[in-house]
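*Asks:* What shape does this take:
(one chain, ligands or ions: 2)
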Amino acid sequence: FKNPHYATGRTTMVHLFEWKWDDIAAECERFLGPRGFGGIQISPPNENLVIWSRNRPWWERYQPMSYRLVTRSGNEQQFANMVRRCNNVGVRIYVDAIINHMTGTWNENVGTGGSTANFGNWHYPAVPYGRNDFNWPHCVIQGHDYACCADRVRNCELSGLKDLNQRSEHVRTMIVNYMNRLIDMGVAGFRIDAAKHMWPSDLRVIYDRLRNLNTAHGFPSGARPYIYQEVIDLGGEAISRNEYTPLAAVTEFRFGMELSRAFTRGNQLRWLVNWGPQWGLLGSGDALTFIDNHDNQRGHGAGGNILTHKRPKEYKGAIAFMLAHPYGKPQLMSSFSFHDTEAGPPMDGSGNIISPSINSDNTCGNGWVCEHRWRQIFQMVAFRNTVGNTAVTNWWDNGGNQIAFCRGTMGFVAFNNENWDLNQRLQTCLPAGTYCDVISGEKSGNRCTGKSVVVGNDGRAQIVIGSHEYDMVLAIHMGHQS
Ligand SMILES: O=C(NCCCOc1c(-c2ccc(O)c(O)c2)oc2cc(O)cc(O)c2c1=O)[C@@H]1CCCN1C(=O)/C=C/c1ccc(O)c(O)c1
Ligand SMILES: [Ca+2]
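*Replies:* Numbering: from 1, shown residues only. Ligands and ions are numbered 1, 2, ... in the order given. This is a model prediction of the structure:
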């Protein structure tokens, strides 16, 4: 369950948060496929509560009404079309699976995708679930439970959401049927939302009942789904992510917290020389890594002040390091703009999601940030694809906030987060030749639109990153020789 089954030579997934299925299919064909992205995490495709009273908050999609594939992102036919079109261009689909709970209790202005429910009676006829399918006696997780009481964190309600009993055979059957239907439609795996709130022993039973990936969508026979479990564990809680790593991969929240700190002015990049498990991070093969995600980019999630698109230079620096360093399996966040941390995606007067527009410079409009379309980010996806599993060698630093390293003989990257210029002759480990810096530009024809770097026969080159430049990174690799 720890292998994403990316198409050959691909390494990185992007979370297209709140995108519609038709728009994702188009983005696979026009951008993500050609640019070598490995996969997409999509928003929960199952029917959710429609919370008009809170003006359609983003978290309404984390309140399931049923496992019917009907949401604002599209219907079952559009979902199947998206999976087929993305797989056809080598881009995998990973589903955000909400299997810990159903909705909260609402009496004010709420709606659904067509199904009914009686929250007070724990009755969800569209699944169907009844009172016996939920944990009892009824209890709600309190703040101190996270530190003291692992059983309450699993068996009580998270934020008042009806807590399913995954020990029940009926509940297991409903969940497994839902996930197997998606596997048959060609998805490559799942994010397990709120995994910390479910017993590892129950999750193991559910995972083992999942079918192999569908070979008709290009997966090898016997391929098991890629499963990454959302376990927010920054230490100090009764529950440890180590309870979940024997089962499948785990979201490594410390990764984004530590890199955000390292790339925020005033800290020292040189400490990253031993980045990885020596920093208390999970083993590389167990870790789904990211800088920010849909929850903590809004501030109230785990990890304190996480870098986001709102601090572009530092964010791109941290993202570039994530993609340049071999540790973990990285995921990029792709967001919509927001001021209100509760706000859902851009929508029209009747609540339909507005599609991202694509500008002439290939950026997005209509309120969509599309971080994945920023040149400094998608070019580093190509860097990661090119350098493969080569090792970090020839680490150099200035004893402070300037670092550089090679990836085998395939790539070289340098960072300058000092407030003075980097201007050094450094070992790039690359064969002699002239390379385009993929951060400040790209190769067009036989010239570089940004910096070009001349590597001598000794592998060394003059590396210059001014402290006032637009970006703090320089990267060259074998995929980009001019
Ligand atoms: O103040 C809120 N929630 C209480 C604090 C955050 O707690 C939640 C956590 C949570 C937070 C930190 C933890 O250490 C932890 O174990 C769990 O996970 C969720 C997962 C869901 O599928 C649906 C939810 O409503 C939540 C949730 O409320 C607002 C209003 C309701 C939704 N929500 C939210 O803030 C929604 C947050 C949310 C939603 C989806 C997610 O995947 C997620 O990670 C967080
Ligand atoms: Ca639970």
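*Asks:* if I look at the closest residue to Gln78 other than its chain neighbours, how far off is His170?
*Replies:* In space, and not counting its chain neighbours, Gln78 is closest to Trp21: 4.2 Å by Cβ to Cβ, 6 or more residues apart in numbering. C-betas here are computed from N, CA, C, even on glycine. Applying Cβ to Cβ, to the nearest Å, the value for Trp21 to His170 is 29 Å.
*Asks:* again with Phe255
*Replies:* 37 Å.
*Asks:* can you check Asn362 too?
*Replies:* On the measure of Cβ to Cβ, Asn362 and His170 end up 49 Å apart.
*Asks:* Tell me the secondary structure at Ser350.
*Replies:* Classification of Ser350 using DSSP: H, G, I helix; E, B strand; the rest coil returns coil.
*Asks:* ugh, wrong one, Leu288
*Replies:* Relying on three-state DSSP, one would call Leu288 strand.
*Asks:* right, and Gly285 touches Pro4 too?
*Replies:* No. Gly285 lies out of contact with Pro4 (Cβ atoms under 8 Å); the separation is 11.0 Å.
*Asks:* Settle it for me: which of the two has more neighbours?
*Replies:* Neighbour totals were compared for Gly285 and Pro4, and Pro4 leads with 22 against 11 (other Cβ atoms under 10 Å).
*Asks:* that's a helix at the more buried one, yeah?
*Replies:* No. If the criterion is three-state DSSP, then Pro4 is coil and not within a helix.
*Asks:* So between Phe255 and His170, which is more surrounded?
*Replies:* Phe255 (25 against 14).
*Asks:* so who does the more buried one touch?
*Replies:* Phe255 sits next to Leu281, Ala287, Thr289, Phe290, Ile291, Met322, Tyr327, Gly328 when contact means Cβ atoms under 8 Å, 6 or more residues apart in numbering.
*Asks:* how much space between the first one and ligand 1?
*Replies:* It refers to Leu281. According to Cβ to the nearest ligand atom, to the nearest Å, Leu281 stands 18 Å off from ligand 1.
*Asks:* Could you list the domains of the chain?
*Replies:* Each domain of the chain is listed here as a residue range: 13-387, 392-480, per automatic domain parsing.
*Asks:* Could you save those as JSON lines and add columns showing mean pLDDT?
*Replies:* Below are the domains of the chain laid out as JSON lines (pLDDT from 0 to 100):
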{"stretch": "domain 13-387", "mean pLDDT": "97"}
{"stretch": "domain 392-480", "mean pLDDT": "97"}
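*Asks:* Could you dump the ones you listed into JSON lines and include distance to ligand 2?
*Replies:* Shown next, in JSON lines, are these (distance: least, Cβ to the ion, whole Å):
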{"stretch": "domain 13-387", "distance to ligand 2": "4"}
{"stretch": "domain 392-480", "distance to ligand 2": "40"}
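*Asks:* on that earlier part again, quick one: which of the contacts of Phe255 is most hemmed in?
*Replies:* That'd be Ile291 among these, by other Cβ under 10 Å, with 29 neighbours.
*Asks:* dump the residue contacts of it.
*Replies:* Taking Cβ under 8 Å, 6+ apart as the test, what Ile291 contacts is Phe255, Gly256, Leu259, Ser260, Ile306, Leu307, Thr308, Tyr315, Ala318, Ile319, Met322, Met333.
*Asks:* do Arg211 as well
*Replies:* Asn180, Ile183, Asp184.
*Asks:* Check the contacts of Ile291 against Thr8 and report the nearest one.
*Replies:* Met322 (21.7 Å; Cβ to Cβ).
*Asks:* which residue packs closest to that closest one, ignoring adjacent ones?
*Replies:* Pro330 is the one closest to Met322 (Cβ to Cβ, 6+ apart), at 5.2 Å.
*Asks:* I'd guess that neighbour is in a helix, am I close?
*Replies:* No. Assessed with three-state DSSP, Pro330 is strand; it does not lie in a helix.
*Asks:* What's the local residue count around it?
*Replies:* 23.
*Asks:* quick revisit: in a markdown table: the contacts of Arg211, plus secondary structure.
*Replies:* Shown next, in a markdown table, are these (three-state DSSP):
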| residue | secondary structure |
| --- | --- |
| Asn180 | helix |
| Ile183 | helix |
| Asp184 | helix |
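*Asks:* now, which of those residues sits nearest Asn394?
*Replies:* Among the contacts of Arg211, and counting by Cβ to Cβ, the member closest to Asn394 is Ile183, at 43.1 Å.
*Asks:* which secondary structure element contains Thr386?
*Replies:* Under the criterion of DSSP states H and E, Thr386 resides in helix 375-387.
*Asks:* Give the other helices and strands that that helix contacts.
*Replies:* helix 312-324, strand 329-334, strand 411-416, strand 473-477 (3 or more Cβ pairs under 8 Å, 6 or more residues apart in numbering; DSSP states H and E).
*Asks:* by contact count, what packs against the first one?
*Replies:* Read it as helix 312-324. Using 3+ Cβ pairs under 8 Å, 6+ apart: helix 312-324 touches helix 253-263, strand 329-334, helix 375-387, strand 411-416, strand 473-477.
*Asks:* Could you tell me which residues make contact with the residue positioned nearest the centre of the chain?
*Replies:* Centrality entry for the chain: nearest residue to the mean C-alpha point is Gln331, 3.6 Å, by Cα atoms, centre = their mean. Taking Cβ under 8 Å, 6+ apart, we find Gln331 in contact with Thr12, Met13, Val14, His15, Gln41, Leu288, Thr289, Phe290, Asn293.
*Asks:* rerun that using 10 Å as the cut-off
*Replies:* 4, 12-15, 38-41, 94, 191, 228, 251, 256, 288-293, 322 (Cβ atoms under 10 Å, 6 or more residues apart in numbering).
*Asks:* which ones among those are found in strands?
*Replies:* Assignment to strands by DSSP state E places the following of these there: Met13, Val14, His15, Gly39, Ile40, Gln41, Tyr94, Arg191, Tyr228, Thr251, Leu288, Thr289.
*Asks:* Between the residues you listed, which sits nearest Ser357?
*Replies:* Val14 (18.3 Å).
*Asks:* Neighbours of that closest one, how many?
*Replies:* 27.
*Asks:* Identify the residues contacting it.
*Replies:* Val14 touches 27, 31-32, 37-41, 91, 330-334, 370-373, 377-378, 381, counting by Cβ under 10 Å, 6+ apart.
*Asks:* Noted, bye for now.
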